[in-house]
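In: Pasting the sequence and the predicted coordinates here, then a few questions.
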Amino acid sequence: MHSRFASLIPSFWPIYPANTLVVTGTIITCVCYVGVLGSMKENRCMLISFFILLFILMLVELAMACVFLVYSREIDTFFKTDLMRSLEIYRLSSPDGNKTIKADFDAVQYLFRCCGVHGEGDWKGNVPVTCCTKDPCNILPQTNWQEGCLMKLQDWFARNYRSTGAGVVTMFIIQFTCLCFNIPLFCHFSRRGLGYQ
């Protein structure tokens, strides 16, 4: 899976949004399929399997949320190190080399209106055109964005924590509701004498 700006933060390849959404979506679809099929076939074995799998999935989600909260400073350190490494690769490469890193870093600088990781000084005199604040950028001396991309990206992540947290809580409530509906359905099938078929 290709994720936007993925080349700038190689330490985070397992949690790129595209990869994470595809994997969790596949797992949730399979678990839900077991639950729907169990209720349609009135099969207690499938219903109890659905309950156990969904409960395990909820525990994993809760554990991941706790890990991200506890290790947020370490994640920031990895993020900063990866950005600095990407900037150095960009700065030291030839005009035709590392086109992916160059395109991603230029896109970040243009999109967030920032320059370098900590500021313009990170480029050590070889400032790319994407740091320019006014058009035309080919006229010297060019004025560049003074703020670094690290702070801009951290601010962007902080602004999106609330919506991400709301999404996780909503998903957790929906899964909990599914667990609550599963128990009476299982008991109903038991009372009707429907076994493990």
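Out: That came through fine.
In: and the longest helix seen in the chain, what's its mean pLDDT?
Out: Longest helix in the chain, counting residues (DSSP state H): helix 149-191. Regarding helix 149-191, the rounded mean pLDDT is 82.
In: Likewise for stretch 62-70?
Out: Mean predicted lDDT for stretch 62-70 stands at 79.
In: that older thread, other SSEs contacting the longest helix of the chain?
Out: Using 3 or more C-beta pairs under 8 Å, 6 or more residues apart in numbering; DSSP states H and E as the contact test, the elements touching helix 149-191 are helix 17-40, helix 44-70, helix 72-92, helix 99-112. For the C-beta atoms, the positions are set from N, CA and C on the backbone; glycine is no exception.
In: right, so of those helices, which gets closest to Gln175?
Out: Closest of the helices and strands packed on helix 149-191 to Gln175 is helix 44-70, at 5.3 Å (criterion: C-beta to C-beta).
In: Now do that closest one against helix 17-40, angle only.
Out: Put simply, helix 44-70 runs at 150 degrees to helix 17-40, going by axes from the mean of the first three to the mean of the last three C-alpha atoms, to 10 degrees.
In: ok so, going back, centre of the chain versus the longest helix of the chain, how much separation?
Out: 15 Å (C-alpha atoms, centre = their mean, to the nearest Å).
In: The nearest residue to Asp76 once chain neighbours are set aside and Glu147, how far apart?
Out: Using C-beta to C-beta, 6 or more residues apart in numbering and skipping residues adjacent in sequence, the residue nearest Asp76 is Gln154, 7.0 Å away. Distance of Gln154 to Glu147, given as C-beta to C-beta, to the nearest Å: 11 Å.
In: on that earlier part again, most tightly packed of the helices and strands packed on helix 149-191?
Out: Highest mean neighbour count of those: helix 99-112, a mean of 17 (counted as mean count of other C-beta atoms under 10 Å).
In: what's it packed up against?
Out: Using 3+ C-beta pairs under 8 Å, 6+ apart: helix 99-112 touches helix 72-92, helix 149-191.
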